[in-house]
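In: model this:
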Amino acid sequence: MSWEVTVENWDGEGAFRIPEDALHKLDVNVGDSVYLLVEYLGNVPCLVLSKTSEIPDRTDELVWHWNRCGEE
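Out: Okay, here's the model as predicted:
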């Protein structure tokens, strides 16, 4: 999913409003904390809104799965 937002001036700082649909997708409400991360798709920087301070590397997930399968 994606939403187009406009960077607005808020007391001299850049700000944007998070659409209500996006908040519902993340299961967050007004007053909750979220993280704005810079992640890369290939070599293109992207802004990502997340409930966690970092997004795990998919390689870490794969290695965890391999290790888990080896224990069984």
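
In: Quick one: end-to-end distance for stretch 6-25.
Out: The first residue of stretch 6-25 is 20 Å away from its last residue (CA to CA, to the nearest Å).

In: correction: stretch 5-18
Out: In terms of CA to CA, the two terminal residues of stretch 5-18 are separated by 8 Å.

In: Same check on stretch 39-46?
Out: Across stretch 39-46, the straight-line distance between its terminal residues is 5 Å, by CA to CA.

In: Now do the buried residues in that stretch.
Out: Residues of stretch 39-46 classed as buried by neighbour count (16 or more other CB atoms under 10 Å): none. Backbone N, C-alpha and C define where each C-beta goes, glycine included.

In: what's that stretch in contact with?
Out: Applying CB atoms under 8 Å, 6 or more residues apart in numbering, the external contacts of stretch 39-46 come out as 38, 48, 55.

In: and these as CSV, adding pLDDT and distance to Ser2?
Out: Listed next are these as CSV, based on pLDDT from 0 to 100; distance: CB to CB, whole Å:
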residue, pLDDT, distance to Ser2
Val38, 91, 16
Val48, 88, 11
Ile55, 76, 17
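
In: Neighbours of Asp28, how many?
Out: In this structure residue 28 is Val, not Asp. As a burial measure, the neighbour count of Val28 was computed by other CB atoms under 10 Å and equals 15.

In: Give me the three-state assignment for it.
Out: For Val28, the secondary-structure state derived from DSSP: H, G, I helix; E, B strand; the rest coil is coil.

In: Go through the contacts of stretch 39-46 and say which is closest to Leu26.
Out: Taking CB to CB as the measure, Leu26 lies nearest Val48 of the contacts of stretch 39-46, at 10.9 Å.

In: Helix or strand: which one has the closest one?
Out: Using DSSP states H and E, Val48 maps to strand 44-50.

In: strands paired with that strand, and their directions?
Out: In its sheet, strand 44-50 lies beside strand 35-41 (antiparallel), with partners assigned from DSSP bridges.

In: Just checking the distance from the partner strand to the centre of its chain.
Out: In terms of CA atoms, centre = their mean, to the nearest Å, the centre of strand 35-41 is found 6 Å from the chain centre.
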